[in-house]
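1. okay, here's the prediction I keep looking at, along with the sequence it came from:
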Amino acid sequence: MSTDTYLAVFLGSKTSSKWTAWNAMPEAERKAKEQEGMAAWKGWVEKHQGAIEAMGGPLGKTKKVDGKGTADIANEMGAFTVVRAASHEAAAKMFENHPHFTIFPGERVEIMPVLPIPSG
């Protein structure tokens, strides 16, 4: 296994049609889907446990800091995981058909290499 490290960011808009449909489900149906999704996510973790560098987890509310100061904002980032893979393509392949968007109302997972910090 390569030591190449990749950050996977789970994204989805809380105002998307997928989220609207999710929130419109009867509570019992949504709870059943949540259980199905959690079991599938656990299966994904078990399948890729040797490649998971940091499980990560859900992300909370966002603050933006810029030249004007600090403000509360919203973005599409919902969670993250760090994995190791032989290539960028191999890292991306691990997330194909992930429960984040096949069961839960997430929209996508974006995978990017974590680059080494230049020395000097």
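-> Yes, it's here.
2. leaving out chain neighbours, which residue sits closest to W22?
-> Sequence neighbours aside, P105 is the residue nearest to W22 in space, at 4.1 Å (criterion: CB to CB, 6 or more residues apart in numbering). To be clear about C-beta, it is placed using only N, CA and C from the backbone, and glycine gets the same treatment.
3. give me the element the one you found is part of.
-> In this structure, P105 is located outside every helix and strand according to DSSP states H and E.
4. contacting residues around the host helix or strand of E29?
-> E29 belongs to helix 27-48 when assigned by DSSP H and E. For helix 27-48, contacts defined as CB atoms under 8 Å, 6 or more residues apart in numbering pick out 22-23, 25, 52, 55, 83, 94, 98-100, 102-104.
5. if you set the cut-off to 7 Å instead, what comes out?
-> Applying CB atoms under 7 Å, 6 or more residues apart in numbering, the contact partners of helix 27-48 are 22, 25, 52, 83, 94, 98-99, 103-104.
6. tell me the buried residues in that helix?
-> Neighbour counts over helix 27-48 (16 or more other CB atoms under 10 Å) mark 37, 40, 44 as buried.
7. tell me which other helices or strands the helix or strand following it touches.
-> Toward the C-terminus, helix 27-48 is succeeded by strand 52-58 as the next helix or strand (DSSP H and E). Counting contacts by 3 or more CB pairs under 7 Å, 6 or more residues apart in numbering; DSSP states H and E, strand 52-58 packs against strand 77-84.
8. what about the strand it packs on, distance to the chain center?
-> Chain-centre distance of strand 77-84: 5 Å, with CA atoms, centre = their mean, to the nearest Å.
9. which residues touch E53?
-> By CB under 7 Å, 6+ apart, the residues touching E53 are 5, 82-84.
10. pLDDT score assigned to it?
-> The per-residue pLDDT reported for E53 equals 96.
11. ok, it to H98 distance?
-> As judged by CB to CB, to the nearest Å, E53 and H98 stand 17 Å apart.
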